[in-house]
Each structure stands twice: as structure tokens, then as C-alpha cells.
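Novice: Compute the structure for the input listed below.
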Amino acid sequence: MTHADMPDRPRIRLKPKANARGLRHGFPWVYANDIVTDRRTRKIAPGALAVLEDDKRAPIALVAVNPNSKIMCRVLDRDLSAQLDAGWFETRLRRALDLRERLFDAPFYRLVHAEADGFPGVIIDRFGDACVIQPNAAWAEAHLDLLTDALVSVTGVTTVLKNASGRTRGLEGLDDVNQTLRGTAPDAPLPVPMNGATYMADLTGGQKTGLFYDQRPNHAFAARLAGPGAHVLDVFSHVGGFGLAMLAGGADHALSVDGSAAALSLAEQGAVASGFGDRFETRQGDAFDVLTQLGEEGAQFDVVICDPPAFAPSKQALDAGLRAYERIARLAAPLVKPGGYLGLCSCSHAADLTRFREACARGIGRAGRQAQMIHTGFAGPDHPQLPQLAESGYLKSVFYRL
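Specialist: Okay, here's the model as predicted:
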């Protein structure tokens with residue numbers, strides 16, 4: 001394409017002290033305070049495309065702009081002439097699908113993991129013939145029809161749902177209205193096979209897209225710890241994550257604890273569908289309260305897993321979040337039999353692995369227990385990380401023998 005054929009797009013310029021080198025080397029975000037903002041820039045419609053330039057006006061990348069967001073630009077393509085047409089979306093989706101089809105023998109996985117798959121701010125989870133899209137950036141919302149068409153074309157799915165929950169859409173100035181984009185929304189939870197168990201995913205009423213695929217390899221590791229005869233405790237269990245995997249791995253009995261009655265009902269349905277409903281028990285309540293009660297009851301388990309929501313969703317919440325992780329470890333450690341295992345998880349990107357491990361160690365120590373750290377787990381390979389973006393490596397699971 002000659003210069004004359006280049007699309008006529010607005011130009012956005014970096015301030016002299018902005019990290020242009022980092023952007024050239026793959027960092028995908030430009031913050032509002034790094035951009036020269038004038039009346040013209042502020043008038044760019046959320047989701048529109050622009051050419052990002054350094055302070056000397058040398059072009060860097062094609063970006064999507066949202067003047068209402070702290071992340072004002074997201075890098076979409078190094079090719080300044082790229083057109084976001086059907087071909088653009090299909091090429092990237094095929095690349096994402098190729099990886100998942102190599103990794104998994106059944107179509108149940110995260111298909112698109114945002115920046116790491118070339119779709120900034122976009123999550124797509126696949127459940128057989130259905131996909132759930134979370135378009136958490138204005139550009140994706142503006143191109144949702146094209147994205148949906150390409151998704152159906154590349155994967156052959158018959159149902160596509162939009163999930164608009166989560167704080168990220170609010171930060172982008174987007175609505176919270178869920179939609180059925182293609183096909184018919186399922187009127188019952190869908191069975192999802194993982195690690196020898198069956199999980200029930202509620203695609204329309206559940207949390208996020210209905211199921212958390214990221215813990216799959218950590219579920220498998222926990223299942224190896226819970227051999228025949230084991231009694232296990234799964235706290236913040238959602239729809240049965242660790243508990244069902246450990247039962248599939250041979251555990252004798254699992255107790256799942258969660259604050260949501262709806263999630264526990266799905267966990268019970270999953271246990272029945274997996275064939276071990278008689279070995280599965282639930283307790284609804286605040287996790288801190290239930291851990292305290294179990295301690296007072298003198299309860300003991302061979303394996304205890306705690307997989308809480310993000311206690312430190314932002315840098316501002318980091319100190320309070322680390323205290324909460326420490327408290328979880330302190331309450332959970334006494335429930336582990338001598339020689340048993342404790343797994344502690346964090347999905348807070350603001351709490352890095354070192355700080356999280358330190359909080360867990362303090363909690364275990366304050367409970368009067370000695371620990372060996374035996375394994376550190378991360379999100380599965382259907383949640384690839386962008387090496388330049390630390391936030392894409394949010395999940396950490398640390399396992400101890402006490």
C-alpha cells in the first residue's frame with residue numbers, strides 16, 4: 001500500500017518522556033498521562049483507530065483509542081495500514097484456535113486471552129458449540145459484529161453470548177448489558193469435562209463466562225495429592241473446582257465451601273454428573289467464618305485448598321489484600337493433618353509471586369505450622385502471557401506440605 005492509499009486516521013503523539021522504546025518492543029498499552037492531549041485528541045470517539053507517534057512524530061503502531069480510559073491507547077497492529085476487516089479478525093482467531101486445538105482434545109478452553117492473543121481487552125471462552133465473549137475494551141465493543149462473524153466462521157460454534165459484567169468495562173465507560181449475539185442462549189447449565197470430572201457451567205447467570213479454565217493444571221496437581229481415602233476441603237470452591245478434581249483423583253470425601261448458593265448448587269450437580277455425588281458435601285457461608293468454625297470444631301483434612309477472588313485487584317488495594325491472604329493461610333493451616341497438604345491461590349496481578357508467598361508463609365507461621373513449599377502453579381497454556389505485560393500473569397497457586 002502506498003502512502004497515498006493509507007487510511008486517513010488521526011495521529012496521537014507521545015510526550016518526550018514516554019517509553020516509546022517499550023512500545024516498539026511489544027508493550028501494548030499507552031496511559032493517558034503519556035500522551036499529548038489537546039481538544040482534537042479528546043474528541044476521538046471511544047474505540048476509534050489512530051496512528052501512535054513518538055515525540056518526534058515517527059510512527060510506532062496502529063492503536064485503538066479511548067479518551068475516557070486511563071489506558072488511552074491499546075496497540076492493535078504494527079502495520080499502520082491494517083484494516084480491521086473480516087480477514088484481520090479471522091487470521092488472529094485461527095492462530096488462537098490452532099494453539100488450543102494442539103493443547104486440548106475437546107473444545108473446552110479459553111480461546112482468546114486478550115493482549116497475549118492479539119485482542120487487547122477481549123476474553124473468549126469456549127464451551128463446545130457455544131462461546132462467551134467479554135469485550136472489555138471500547139474498540140472490541142465497536143467491532144463486536146465483525147468479531148462475532150469471524151468467531152462463527154473460524155470455529156463453527158452455533159451460539160455466541162456477550163458477557164458484560166466486571167469492573168473493566170466500567171473503567172472503559174461501557175455498559176453492563178449481557179446479550180445473545182448468535183443462536184439461542186442455553187436454558188440449562190452446560191456439562192464441561194475437565195481432569196476426569198464434569199463441571200456445570202452457567203453461561204448466562206454464572207460468574208464471568210460461567211467457568212474458570214485457568215486453574216485446570218492446578219486442579220490436576222491437587223488431585224495427585226489427594227489419593228485414595230483422602231478427605232479434602234475446597235474453600236472458595238465456586239462450581240466445585242478443586243473438590244471435584246480431587247474426587248476424580250481418588251479422594252474419599254470433599255467438602256466445598258462458598259458464599260454463593262447458586263455456585264454450590266452447580267457444584268452438587270457436577271458431583272452427581274461425575275458419579276460421586278455421595279462423596280461430596282457443601283457448606284454455604286463466608287469463607288473466613290467457615291474456616292474459623294471448622295477450626296473450632298477440630299476438623300482435619302488431608303488436603304486443604306483456598307482459591308479466593310482477587311483480594312488485591314489494584315495497587316491501591318495491595319496491602320489490605322496481602323493481609324487477607326495471610327489471614328486465609330493462618331486460618332487454613334490448622335485444618336491440615338500432619339503430613340497433609342495446603343494449596344493457596346491468588347488471582348491478583350497486583351500481588352506478585354514473591355509478595356504472595358511471603359504473606360502465605362507469615363500466615364502458616366502464625367498458625368504454628370512448619371511447611372515445605374513443594375509446587376508453584378500458574379494459569380494453563382490456554383491463558384498465555386504476553387512477556388512484556390506483567391498483568392497477563394495474574395494467577396499463582398502455591399502448594400505446601402505441612
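
Novice: Excluding chain neighbours, what is closest to residue 256?
Specialist: Sequence neighbours aside, residue 237 is the residue nearest to residue 256 in space, at 3.7 Å (criterion: C-beta to C-beta, 6 or more residues apart in numbering). From N, CA and C alone the C-beta is placed, and that goes for glycine too.

Novice: Surely the one you found and residue 267 touch.
Specialist: Yes: using C-beta atoms under 8 Å, residue 237 is in contact with residue 267, at 6.0 Å.

Novice: For these two, list the residues in contact with both.
Specialist: 243, 256, 258, 282 (C-beta atoms under 8 Å, 6 or more residues apart in numbering).

Novice: Just to be sure, residue 218 is in a helix?
Specialist: Yes: counting by DSSP: H, G, I helix; E, B strand; the rest coil, residue 218 is part of a helix.

Novice: Show me the longest helix that occurs in the protein.
Specialist: In the chain, taking DSSP state H as the definition, the longest helix is helix 86-103.

Novice: which of the residues in it are buried?
Specialist: Buried residues in helix 86-103, counted by 16 or more other C-beta atoms under 10 Å: 88-90, 92-93, 96-97, 99-100.

Novice: What lies in contact with the helix or strand following it?
Specialist: Downstream of helix 86-103, the first helix or strand assigned by DSSP states H and E is strand 108-113. Residues from elsewhere that reach strand 108-113, judged by C-beta under 8 Å, 6+ apart: 93, 96-97, 100, 103, 119, 122-128, 131, 155, 192-194, 213-214, 380, 382-384, 392.

Novice: what distance separates strand 108-113 from the centre of its chain?
Specialist: 10 Å (C-alpha atoms, centre = their mean, to the nearest Å).

Novice: what's the answer for stretch 254-271, then?
Specialist: Distance of stretch 254-271 from the chain centroid (C-alpha atoms, centre = their mean) equals 20 Å.

Novice: likewise stretch 248-263?
Specialist: 21 Å.

Novice: That stretch spans what distance, first to last residue?
Specialist: The first and final residues of stretch 248-263 sit 19 Å from each other (C-alpha to C-alpha, to the nearest Å).

Novice: as a whole number, average confidence for it?
Specialist: For stretch 248-263, the mean pLDDT works out to 96.

Novice: ok, and for it, which residues are buried?
Specialist: Neighbour count says stretch 248-263 has 248-249, 251-258, 260, 263 buried, by 16+ other C-beta under 10 Å.

Novice: buried stuff in stretch 221-229?
Specialist: 221-223, 225-226.

Novice: With stretch 144-152 instead?
Specialist: By neighbour count on 16+ other C-beta under 10 Å, the buried set for stretch 144-152 is 144, 146-152.

Novice: Show me what the longest helix of the chain is packed up against.
Specialist: If you count contacts as 3 or more C-beta pairs under 8 Å, 6 or more residues apart in numbering; DSSP states H and E, helix 86-103 packs onto strand 108-113, helix 144-155.

Novice: Give me the contacts around whichever helix or strand residue 345 is part of.
Specialist: Assessed by DSSP H and E, residue 345 sits inside strand 336-346. Residues from elsewhere that reach strand 336-346, judged by C-beta under 8 Å, 6+ apart: 215, 218, 222, 225-226, 242, 300-308, 310-312, 325, 328-329, 332-333, 356, 360, 364, 369, 371, 374, 395-402.

Novice: In terms of residue numbering, what are the domains of this protein?
Specialist: For the chain, automatic domain parsing gives the domain ranges 3-77, 86-182, 190-401.

Novice: Do me a favour and get the end-to-end distance for the last one?
Specialist: Start and end residues of domain 190-401 are separated by 35 Å (C-alpha to C-alpha).

Novice: lowest-confidence helix or strand of this protein?
Specialist: helix 167-171 (a mean of 85; mean pLDDT, DSSP states H and E).

Novice: Buried residues, the helix or strand following it. List them.
Specialist: Following helix 167-171 in sequence order, the next helix or strand is strand 179-182 (DSSP H and E). For strand 179-182, burial by neighbour count (16+ other C-beta under 10 Å) applies to 181-182.
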